[in-house]
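Student: dropping a prediction and its sequence here:
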Amino acid sequence: MFSLFSTFKKGLQKTATAISRGISGVFTGIKRWDAESFKKLENALIEADFGPAAANSIVADIKDRYQRGLISGTEDILAVAKEDLAAMLEKDLRPLNTAADGLTVILMVGVNGSGKTTTAGKLANIFAQNGKKVVLGACDTFRAAAAEQLNLWADRIGVQIVSSKSGADPSAVAYDAVQAARARRADYLIIDTAGRQHNQKGLMDELAKMRRIIAKLCPEAPHETLLTIDASIGTNAIAQAREFAACSGASAIALTKLDGTGKGGAAVQIQTEFKLPILFVGLGEQPEDLQPFDPKHYAEAVFALPQE
């Protein structure tokens with residue numbers, strides 16, 4: 001069975017490989033770092049979508065320590081890179097918001113194809129594996145395949161689901177889901193919503209309506225509005241998050257498909273720019289590949305060099 005770090009390392013292998021390729025001359029065989037070496041490191045981080053600000057900050061700290069004789073070889077330099085990266089990502093880290101007592105409602109939001117429905121199913125699996133009673137709410141009534149997909153997840157992990165026919169009012173389904181979850185004394189209700197762009201006013205208004213209905217039934221709900229972002233789209237994820245976060249009431253992020261990209265540094269830009277905590281990361285296709293975000297494991301995995 002893989003350890004948590006092994007899961008991160010495996011899921012971030014493409015990003016780690018991309019970074020090490022970008023600075024292969026730096027990581028291998030070099031005896032002394034010079035201006036060109038530091039520039040290679042900075043460029044490799046930028047190309048992995050860390051963003052100029054984070055890349056410059058990490059490299060500036062390394063360069064300062066190196067020039068003052070506090071660190072020497074590549075091993076020391078990598079240790080500082082890992083330390084700085086983890087520190088950046090830990091600033092806004094917090095646990096998942098939950099109800100003080102009773103039902104916790106989590107609203108899944110994001111654009112089409114970001115992995116909302118899959119993440120909802122995997123998140124339900126995490127809670128179920130920890131002995132919690134979970135209900136799924138299939139409120140994406142625009143895409144018939146979404147309800148079918150969520151039903152498959154419910155069957156697979158043994159949780160209950162509330163759904164309706166295609167084209168039904170999503171807010172009505174959300175209402176039914178909250179009522180059902182409370183009646184069943186569930187610990188968690190995870191509501192999947194339709195994918196939408198920030199500029200689709202009708203769909204954004206519908207999302208606001210859904211939030212109001214949920215809040216009437218559970219005054220503090222939704223306790224978490226989880227914005228799913230596809231890490232594989234790289235820098236585009238930043239623009240997507242910027243627009244969507246401003247109008248969706250997003251309170252935290254689930255970063256999906258990190259295993260499918262060499263641009264896993266997008267996590268750094270997203271966290272540092274929006275100050276929204278990344279709570280979960282998708283590191284593979286299996287249910288257990290959705291993991292709570294761990295900045296230290298992430299940093300270790302990103303800067304893991306291929307074994308010679």
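Tutor: Alright, I've got the coordinates. Numbers count the residues shown, from 1 in each chain.
Student: going forward, measure contacts between C-alpha atoms and count neighbours the same way
Tutor: Fine.
Student: wait, what's in contact with Gly131?
Tutor: Contact analysis of Gly131 by CA atoms under 8 Å, 6 or more residues apart in numbering lists nothing.
Student: doesn't it lie inside a strand?
Tutor: No. Counting by DSSP: H, G, I helix; E, B strand; the rest coil, Gly131 is not found in a strand; it is coil.
Student: distance check, it against Leu226.
Tutor: Gly131 sits 22 Å away from Leu226, going by CA to CA, to the nearest Å.
Student: repeat that for His297.
Tutor: According to CA to CA, His297 stands 22 Å off from Leu226.
Student: is Cys139 in contact with Thr193, as I believe?
Tutor: Yes. Under the criterion of CA atoms under 8 Å, Cys139 makes contact with Thr193 at 5.0 Å.
Student: where do the contact lists of these two overlap?
Tutor: Pro170.
Student: give the residue from these two that has the larger number of neighbours.
Tutor: When neighbours are counted by other CA atoms under 10 Å, Cys139 and Thr193 differ, and Cys139 comes out ahead with 30 against 27.
Student: residue contacts, the more buried one?
Tutor: Ala147, Ser163, Pro170, Ser171, Val173, Ala174, Ile191, Asp192, Thr193, Ala194.
Student: let's see 10 Å
Tutor: 107-108, 146-147, 162-164, 166, 168-175, 177, 190-194, 210 (CA atoms under 10 Å, 6 or more residues apart in numbering).
Student: how far away is the closest residue to Leu85 other than its chain neighbours from Ile71?
Tutor: Take Leu85 and drop its neighbours on the chain: the residue closest to it by CA to CA, 6 or more residues apart in numbering is Ala299, 6.0 Å away. Distance of Ala299 to Ile71, given as CA to CA: 19 Å.
Student: the two: who's more crowded?
Tutor: Ala299 (25 against 17).
Student: tell me what the one helix or strand the more buried one maps to is packed against?
Tutor: Using DSSP states H and E, Ala299 falls within helix 295-302. Applying 3 or more CA pairs under 10 Å, 6 or more residues apart in numbering; DSSP states H and E, one finds that helix 295-302 contacts helix 4-11, helix 13-22, helix 74-90, helix 266-274.
Student: with distance to Ala124, mean pLDDT and mean neighbour count added, can I get those helices in a markdown table?
Tutor: Converted to a markdown table, the helices and strands packed on helix 295-302 look like this (distance: least, CA to CA, whole Å; pLDDT from 0 to 100; neighbours: other CA atoms under 10 Å):
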| stretch | distance to Ala124 | mean pLDDT | mean neighbour count |
| --- | --- | --- | --- |
| helix 4-11 | 19 | 68 | 19 |
| helix 13-22 | 26 | 68 | 22 |
| helix 74-90 | 25 | 89 | 18 |
| helix 266-274 | 23 | 77 | 21 |
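Student: so which of those is nearest Ala304?
Tutor: helix 13-22 (6.1 Å; CA to CA).
Student: just the strands from this protein, written as ranges.
Tutor: Assigned by DSSP state E, the chain shows strands spanning 104-109, 134-139, 160-162, 188-193, 224-230, 252-256, 278-282, 290-292.
Student: turn those into TSV, including distance to Leu217 and mean pLDDT.
Tutor: Below are these laid out as TSV (distance: least, CA to CA, whole Å; pLDDT from 0 to 100):
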stretch	distance to Leu217	mean pLDDT
strand 104-109	11	96
strand 134-139	15	97
strand 160-162	16	97
strand 188-193	13	97
strand 224-230	15	92
strand 252-256	22	91
strand 278-282	26	91
strand 290-292	28	90
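Student: so for Arg242, which of those strands sits nearest?
Tutor: strand 224-230 (11.0 Å).
Student: can you pull the contacts of the residue positioned nearest the centre of the chain?
Tutor: By CA atoms, centre = their mean, the chain has its centre lying nearest to Leu255, at 2.1 Å. Neighbour list for Leu255: 114-115, 119, 226-232, 237, 264, 266-267, 270, 278-283, 290, 293 [criterion: CA under 10 Å, 6+ apart].
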